[in-house]
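>>> Predicted model and sequence follow; I will ask about them next.
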Amino acid sequence: MRRLRARLPLGPVVVDPLGPALVDGDRRRMLHPAAGGVILFSRNYESPGQLQALTEEIRSLREPQLLIGVDHEGGRVQRFREGFTALPPMRALGRLWDRDREAGRAAAHAAGYIIAAELAAHGLDFSFTPVLDLDYGASSVIGDRALHFDPIAAGALAAALIAGLDAGGMPAVGKHFPGHGYAVADSHLAVPTDDRPLAEIRRKDLPPYVAAISAGLAAVMPAHVVYPQVDHEPAGYSRVWLQQVLRGQLGFDGLIFSDDLSMEGASTAGNMTARARAALAAGCDMLLLCNDPTGQEGLLESLAGVGLEMPGRAERMRRRGGARDLRKSVAYRDSQQAFAALA
């Protein structure tokens, strides 16, 4: 018997399932009114067919459908392997840029199109990509995930990748605003600080965001990093960074996702409810809490009745193009050939 979809507006919380198929607890969390999206991890993937079945069930639960995203950048951050193109770390695009700028742009566009075509064919809306952090050589958690150390190169490559994603009908998420590359500590394990003045961060770390926003960046994820010369709060809890700089000065009007609230870098606000309230108050639209189903249930209950202030921002995160499989297109074949320049 076909299950009727629950008619619920999207809420602010992004949850994750326990494994490769939904269990009752997953469905309960996804049907909570405060839920609005789902993020998938490697544990949620076994095969292309299994992934398709998983996303189909997630989509069947609610109307409007929950957003479905994944960290699918390439290199060490590529959650799906079998049946997907093996993507190198994005720093490979930067190395190609150093040899041949036009080839670098073409490969970045191709990477975006390949990511979009392959994820869309399996029922996902978006990847949390590109990384817009600069590679200062200081941050092990960023490292070769960064496109380049030069802000102009990083911005140009990010813009090309975003254009490739868009050509495949997929929105882009830039991270980790305003930049995690200079901070040494890993925000998963500590509360990193970046002691540079605002003028230096504006000159070095913000140009990739300017380029990405001009290219149509749909969403931004702020860093769990404290910039004490600008604000005493981490960027994800800071109205200075999110309201004054990102929205006011850079003119960004898309969605703001918090980074994972379970990370140590988010601990400055207190318990999970306090972290969520701090992120929402600063200007985050949607909140990630990953790998913690019990914590998700508590967070969902604490935000019961809290909806999205700007639902249109979330609606722009849906993939476009319907059921067409872009892996069968000439553009996909051409993208694979352009991407081969990275080899």
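Cool, the structure landed. Residues are numbered from 1 along each chain as shown.
>>> which element is residue 290 on?
Assigned by DSSP states H and E, residue 290 belongs to no helix or strand.
>>> Spatially nearest residue to it (excluding sequence neighbours)?
Leaving aside its sequence neighbours, residue 290 sits nearest to residue 260 (Cβ to Cβ, 6 or more residues apart in numbering; 4.6 Å). Quick note: C-beta positions are derived from backbone N, CA and C, even for glycine.
>>> Residue 131 is in contact with residue 208, correct?
No. Residue 208 is not in contact with residue 131 according to Cβ atoms under 8 Å; the separation is 9.4 Å.
>>> For the two, indicate the residue with more neighbours.
Neighbour count, other Cβ atoms under 10 Å: between residue 208 and residue 131, residue 208 has more, with 32 against 29.
>>> I'd like to know how far that one sits from residue 179.
8 Å (Cβ to Cβ, to the nearest Å).
>>> Touching both of the two, which residues are there?
Shared contacts of residue 208 and residue 179, defined by Cβ atoms under 8 Å, 6 or more residues apart in numbering, are found at 132, 134.
>>> circling back to that earlier point, tell me which element the residue nearest to residue 290 is part of?
Going by DSSP H and E, residue 260 is not part of any helix or strand.
>>> pLDDT averaged over the host helix or strand of residue 57 - what is it?
Taking DSSP H and E as the criterion, residue 57 maps to helix 48-60. Here helix 48-60 scores 98 as its mean pLDDT.
>>> do stretch 319-336 as well
For stretch 319-336, mean pLDDT rounds to 94.
>>> Next, the buried residues of that stretch.
Within stretch 319-336, the residues that count as buried by 16 or more other Cβ atoms under 10 Å are 319, 326, 332, 335.
>>> Quick one: residues in contact with it.
So stretch 319-336 is contacted by 85, 109-111, 113-114, 116-121, 124-126, 164, 167-171 (Cβ under 8 Å, 6+ apart).
>>> What separates the first and last residues of stretch 315-334, distance-wise?
End-to-end distance of stretch 315-334 (Cα to Cα, to the nearest Å): 30 Å.
>>> And the strands in the stretch 101-250 of the chain?
All strands of the stretch 101-250 of the chain, identified by DSSP state E, counting those that start in this stretch, fall at 126-127, 173-177, 219-222.
>>> which residues touch the second one?
Contact with strand 173-177 is made by 69, 126-133, 158, 187, 208-209, 212, 217-225, 235, 241, 246, 257, 259, as judged by Cβ under 8 Å, 6+ apart.
>>> could you redo the last one with a cut-off of 7 Å?
The contact list for strand 173-177 (Cβ atoms under 7 Å, 6 or more residues apart in numbering) reads 126, 128-133, 209, 212, 217-223, 235, 241, 246, 257, 259.
>>> Also the first one?
Counting by Cβ under 7 Å, 6+ apart, the neighbours of strand 126-127 from elsewhere in the structure are 69-72, 115, 119, 170-171, 173, 317, 319.
>>> let's go with 8 Å and repeat that
With Cβ under 8 Å, 6+ apart, strand 126-127 has contacts from 67, 69-73, 115, 119, 165, 170-173, 218-219, 317, 319.
>>> Let me know how buried residue 19 is, in neighbour terms.
By other Cβ under 10 Å, the burial measure for residue 19, its neighbour count, is 13.
>>> who does residue 72 bridge with?
residue 78 (DSSP bridges).
>>> Would you check that it makes contact with residue 80?
Yes. Contact criterion Cβ under 8 Å: residue 72 and residue 80 qualify, at 6.6 Å.
>>> Let me have the buried residues of stretch 319-336 in JSON lines, adding distance to residue 63 and secondary structure as columns.
Output for these, formatted as JSON lines (distance: Cβ to Cβ, whole Å; DSSP: H, G, I helix; E, B strand; the rest coil):
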{"residue": "319", "distance to residue 63": "17", "secondary structure": "coil"}
{"residue": "326", "distance to residue 63": "25", "secondary structure": "helix"}
{"residue": "332", "distance to residue 63": "30", "secondary structure": "helix"}
{"residue": "335", "distance to residue 63": "33", "secondary structure": "helix"}
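>>> From these, pick the one nearest residue 267.
residue 319 (33.6 Å; Cβ to Cβ).
>>> For residue 168, see how far away that closest one is.
8 Å.
>>> Can you check which residues contact both of the two?
116, 120.
>>> What is the three-state secondary structure of residue 256?
Under DSSP: H, G, I helix; E, B strand; the rest coil, residue 256 falls in the strand class.
>>> The residue nearest to residue 74 when sequence neighbours are not counted: neighbour count?
Using Cβ to Cβ, 6+ apart and skipping the chain neighbours, the partner closest in space to residue 74 is residue 87 (3.0 Å). Per other Cβ under 10 Å, the neighbour tally for residue 87 reads 21.
>>> Now do the buried residues in the helix holding residue 57.
51, 53-55, 57-59.
>>> Tell me the predicted confidence for the residue nearest the centre of the chain.
Centroid-nearest residue in the chain: residue 128, 2.2 Å away (criterion: Cα atoms, centre = their mean). We have a pLDDT of 98 for residue 128.
>>> how much space between it and residue 101?
In terms of Cβ to Cβ, residue 128 sits 26 Å off from residue 101.
>>> circling back: identify the farthest-apart pair in the buried residues of stretch 319-336.
319 and 335 (16.7 Å).
>>> Which residue ranges of the stretch 1-150 of the chain form helices?
Counting by DSSP state H, counting those that start in this stretch, one finds helices in the stretch 1-150 of the chain at the ranges 24-30, 48-60, 91-99, 101-120.
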